[in-house]
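1. predicted coordinates and the sequence they were generated for:
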Amino acid sequence: MKIEISHVTRYTYEEPATDSVNEIRLTPRTNYRQSCYHHEISIEPVAALFSYEDYFGNRVHAFSVAKPHRELVIRTKATVVTHDRPLTPFNPDAGSSQLEELAGEKLRNRYIEYLLPTDYTEVTPELLEFAEELGPLADGEVYEWVRGAAAAIYRQFVYDPQATSVHTTVSEMLQLRRGVCQDFTHLLIALCRSKGIPSRYVSGYHFVGDLQGGSADFEQASHAWVEVFIPGMGWSGIDPTNNAEIGWRYVKLAHGRDYKDIVPVKGVYRGTGNQRLEVVVDVKKLGG
């Protein structure tokens, strides 16, 4: 499916800001499930862009604005063709069992950054208790366990944009029992890592325009979901916020250990801390 994304980030400062240094991770990846055919970035005030790949292979654009400015606007536009890709079925005759591979030194060394807890995904007694309620891992059914965990999050936690912030941890969310896609994603990551399943945070977009009754007035935003590495199957995407497998509706931007690795826009500047942030996202389907 061909999808067009427009993303506008606007910072308005109470007093002129100077020496603004920023980096953005808003370039769709090209992989087995999607191809980015067009991507453009414009900055106001005009600034030169420096591009590089970070440790996780995400495309990063950095720029700085030295002169005084009361507004900083970042506009990106992309055209991406996405596909539904069937899951690779697990082959029990491929060698060692899934559980043996997950416990093995080779897999742990290769994916250690996606197995260790982070500030967002700390493994606490409450987290372990929740994981225990989901039942044990069974050989050949690791993916099914992850899908069950995503379904449990979807059932037991309330989507509430007012309940949490970008700094909310899994421990805090378990107490609140509500949150947004970032919180749902961190929780599923923590559950998977507690069972030794490599998992990573994914940022991107979710096309839902045709599910809104034809209305173009609904608010859109960036989205987040999880990718897990399943022995014998590879990396698979799961959206715990919507209890869904990742298909053509999803456009991937970046992945990392948690939100901190893939912040879409971040930077520092000299000036007052009083600022206003406005983000406008538009995701459209252009055709099949």
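-> Here it is on my side, so go on.
2. tell me the SS of residue 147?
-> helix (DSSP: H, G, I helix; E, B strand; the rest coil).
3. what pLDDT is listed against it?
-> If you check residue 147, the pLDDT there is 97.
4. how close does it sit to residue 257?
-> 22 Å (Cβ to Cβ, to the nearest Å). (Glycine included, C-beta is placed from N, CA and C.)
5. any idea which element residue 182 lies in?
-> helix 181-194 (DSSP states H and E).
6. also residue 129?
-> Judged by DSSP H and E, residue 129 forms part of helix 125-133.
7. pull the residues that contact that helix.
-> 149, 152, 170-171, 174-175, 190-191, 194-195 (Cβ atoms under 8 Å, 6 or more residues apart in numbering).
8. of those residues, which is the nearest to residue 44?
-> Of all the contacts of helix 125-133, residue 44 sits closest to residue 170, with 37.2 Å by Cβ to Cβ.
9. helices of the stretch 51-200 of the chain, start to end?
-> 98-103, 105-110, 125-133, 142-156, 170-176, 181-194 (DSSP state H, counting those that start in this stretch).
10. including mean neighbour count, could the ones you listed go into a markdown table?
-> A markdown table is the format used below for the helices of the stretch 51-200 of the chain (neighbours: other Cβ atoms under 10 Å):
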| stretch | mean neighbour count |
| --- | --- |
| helix 98-103 | 18 |
| helix 105-110 | 12 |
| helix 125-133 | 14 |
| helix 142-156 | 19 |
| helix 170-176 | 18 |
| helix 181-194 | 26 |
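11. figure out which of the ones you listed is closest to residue 205.
-> Comparing those under Cβ to Cβ, the one sitting nearest is helix 181-194, at 11.2 Å.
12. so which elements touch that closest one?
-> helix 125-133, helix 142-156, helix 170-176, strand 199-206, strand 223-230 (3 or more Cβ pairs under 8 Å, 6 or more residues apart in numbering; DSSP states H and E).
13. now the first one: how far from the chain's centre is it?
-> Averaged C-alpha coordinates place helix 125-133 at 23 Å from its chain's average position (Cα atoms, centre = their mean, to the nearest Å).
14. and for stretch 112-120?
-> 15 Å.
15. could you do stretch 136-154 as well?
-> Per Cα atoms, centre = their mean, the centroid offset for stretch 136-154 relative to its chain is 20 Å.
16. what does it contact?
-> Here stretch 136-154 makes contact (Cβ under 8 Å, 6+ apart) with 87, 90, 92, 97-99, 102, 130-131, 133-135, 184, 187-188, 191-192, 195, 197, 226, 228, 230-231, 233, 236, 238-243, 245.
17. can you check stretch 254-270 too?
-> Contacts of stretch 254-270 (Cβ under 8 Å, 6+ apart): 7, 9, 17-26, 29, 54, 56, 58-59, 74, 113-114, 116, 118-121, 166, 182, 185-186, 189, 200-204, 222, 224, 227, 253.
18. let's see that with 6 Å instead.
-> 9, 17-22, 24-26, 56, 58, 113, 118, 120-121, 182, 200-203 (Cβ atoms under 6 Å, 6 or more residues apart in numbering).
19. repeat that for stretch 222-229.
-> By Cβ under 6 Å, 6+ apart, stretch 222-229 touches 111, 146, 181-182, 185, 188-189, 192, 197-200, 202-206, 235-239.
20. check stretch 177-189 too.
-> 120-121, 149-150, 153, 157-158, 160-161, 163-164, 168, 170, 173, 199, 201, 223-226, 240-241, 259.
21. could you pick out the buried ones from these?
-> Among the contacts of stretch 177-189, the ones that count as buried by 16 or more other Cβ atoms under 10 Å are 120-121, 149-150, 153, 157, 163-164, 168, 170, 173, 199, 201, 223-226, 240-241, 259.
22. how much space separates the closest residue to residue 197 other than its chain neighbours from residue 87?
-> Distance criterion Cβ to Cβ, 6 or more residues apart in numbering; nearest residue to residue 197, sequence neighbours excluded, is residue 228 at 5.6 Å. Counting by Cβ to Cβ, the gap from residue 228 to residue 87 is 11 Å.
23. more neighbours, these two?
-> Per other Cβ atoms under 10 Å, whichever of residue 228 and residue 87 has more neighbours is residue 228, with 26 against 12.
24. lovely, talk soon.
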